[in-house]
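Engineer: Whatever this is, show me its structure:
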Amino acid sequence: MDNDTAYLDSLYNNRAAIPDFQEYFDRWEASSEATYRAMNNRLERDVPYGDDITETMDVFLPGGESQALLLFIHGGYWRSLDKKQHAFVVTPYVDAGVAVASMNYALCPSVSMEHIVRQVIAAGAFLYRNASDFNVSKKRIYVAGHSAGGHLTAMALACLWPKVAPGLPKKLFQGGLSISGLYDLRVLTRVPSLNVDLRMSEESARELSPALMPPASSAPLSIAVGGQEIGGFKDQHRTIAQAWSGNIVADIPCPGDNHFSILDKFADPRSELFRAAMRMMDVSS
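Structural biologist: Have a look, this model is predicted:
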């Protein structure tokens, strides 16, 4: 590994920067198992949004009419993790009257990054068409994601929905929250430890970078990055803040958080990050 490659790797290698990262994953999985048990009667599990075995979502429902519907997209550098490790994030939202759909998607290198983006688009279209099944208005659908899910959240807001299928509105998602996302993917083509699985060319990275395309509608985007995160994610945060300045409505400070602890804040009803998500959906906690 030459000096330039080693430096770029240090900017984007969260697991190397956070030695106890596995403790986060283990705790998330245990908490998620408890969430599945506790919400068994308010859960539609493995709802298919497409034909592929990976195209499923878990939909957690509040009692009665939902005030909003939030699509949550997990992280893992588009190549790891699963919705079953992320159910823990839904509890405070469901308690506040928000239905949460936590989606799975196929992982690199088995599929391309473009394929994953298309799966997110399919999930959004599915929720819009079936909103009434979840007791929510089609005009009350939002999206949030962490890390790679933050990238996919921005891509969902950049999607030209009417071109996807007849009947889809220009603003399918009414707003988005991207937590520690990635927005200009060109740099990742120069990080071999990542691109060995992502397999992006310079051209495909450019086409999959929301920072290099305009938002497709007036839907607002809120963004957050941890104050203790490594440099690459802070760089990416600044990039989207500048590129989408007209649509950024909130930059939520998380000064004490690293790349993994910030997701705990998203699931903490006492945190500013949670309150920002509720403001995005215009729901009182």
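Engineer: Residue 142: which element?
Structural biologist: Here residue 142, judged by DSSP states H and E, is contained in strand 141-146.
Engineer: Dump the C-alpha coordinates for that strand into CSV.
Structural biologist: Provided in CSV are the C-alpha atoms of strand 141-146 (Å, rounded to 0.1, in the frame of the first residue of the first chain):
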residue,chain,number,x,y,z
ILE,A,141,-43.5,9.2,3.5
TYR,A,142,-39.9,10.0,4.5
VAL,A,143,-36.5,8.4,4.2
ALA,A,144,-33.5,8.1,6.5
GLY,A,145,-30.2,6.1,6.4
HIS,A,146,-26.9,5.7,8.0
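Engineer: Tell me which other helices or strands it touches.
Structural biologist: strand 68-73, helix 113-129, helix 148-158, strand 176-179, helix 261-266 (3 or more CB pairs under 8 Å, 6 or more residues apart in numbering; DSSP states H and E). Every residue, glycine included, has its C-beta placed from N, CA and C.
Engineer: and the ones you listed as CSV, adding mean neighbour count?
Structural biologist: As requested, these are exported to CSV (neighbours: other CB atoms under 10 Å):
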stretch, mean neighbour count
strand 68-73, 28
helix 113-129, 20
helix 148-158, 27
strand 176-179, 30
helix 261-266, 21
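Engineer: Minimum distance to residue 217: which of these has it?
Structural biologist: helix 148-158 (7.3 Å; CB to CB).
Engineer: CA atoms only: put the following helix or strand past that closest one into PDB for me.
Structural biologist: Remark: after helix 148-158, the chain's next helix or strand is helix 161-164, criterion DSSP H and E. The C-alpha trace of helix 161-164 is given here as PDB (Å, rounded to 0.1, in the frame of the first residue of the first chain):
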ATOM      1  CA  TRP A 161     -39.700   9.400  -9.800                       C
ATOM      2  CA  PRO A 162     -42.100  10.100 -12.700                       C
ATOM      3  CA  LYS A 163     -39.500   8.500 -15.000                       C
ATOM      4  CA  VAL A 164     -39.500   5.400 -12.900                       C
END
